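Participant: coordinates only, sequence not included:
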């Protein structure tokens with residue numbers, strides 16, 4: 001029953017987004033094409049990470065924490081790329097626009113997660 005309650009909320013969000021896209025003069029056809037291209041690149045990035053998890057990383061309860069941490073680091077790196085290269089209407093914080101603490105945190109999460117998952121396989 002609770003899953004059915006989410007449908008009107010999702011529809012409202014979709015309708016609101018489409019209305020904004022159609023009425024905002026800053027959003028041009030070129031902006032939409034570049035945004036879709038960036039989202040396709042991000043989706044490919046996430047898919048590659050999931051394929052690595054499914055086929056190359058160990059499975060089981062001992063490796064779960066490490067795999068989860070590695071996936072979060074990988075998705076975080078992709079999100080930083082999306083923030084940096086996707087077209088936008090407002091400039092994001094300068095902290096996110098160059099290599100810095102956010103990248104280091106994501107890389108550490110990825111590395112520590114892979115180490116933990118690999119150690120659990122032994």
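Facilitator: Now that the structure is in, tell me what you want to look at. Being a predicted model, the structure only gives us computed values, none of them experimental.

Participant: contacts, neighbours, all on C-alpha from now
Facilitator: OK.

Participant: so how far is the helix ranked longest in the chain off the chain centroid?
Facilitator: Counting by DSSP state H, the longest helix found in the chain is helix 29-55. Distance of helix 29-55 from its chain centroid, counting by CA atoms, centre = their mean, to the nearest Å, is 9 Å.

Participant: list the buried residues for that helix?
Facilitator: Along helix 29-55, these residues count as buried under the neighbour rule (16 or more other CA atoms under 10 Å): 34, 35, 38, 41, 42, 45, 46, 49, 50, 53.

Participant: same deal with stretch 113-122?
Facilitator: For stretch 113-122, burial by neighbour count (16+ other CA under 10 Å) applies to 113, 114, 116, 117, 118, 120.

Participant: what's the burial count for the closest residue to the fifth one other than its chain neighbours?
Facilitator: Leaving aside its sequence neighbours, residue 118 sits nearest to residue 58 (CA to CA, 6 or more residues apart in numbering; 7.0 Å). Using other CA atoms under 10 Å, residue 58 has 20 other residues around it.
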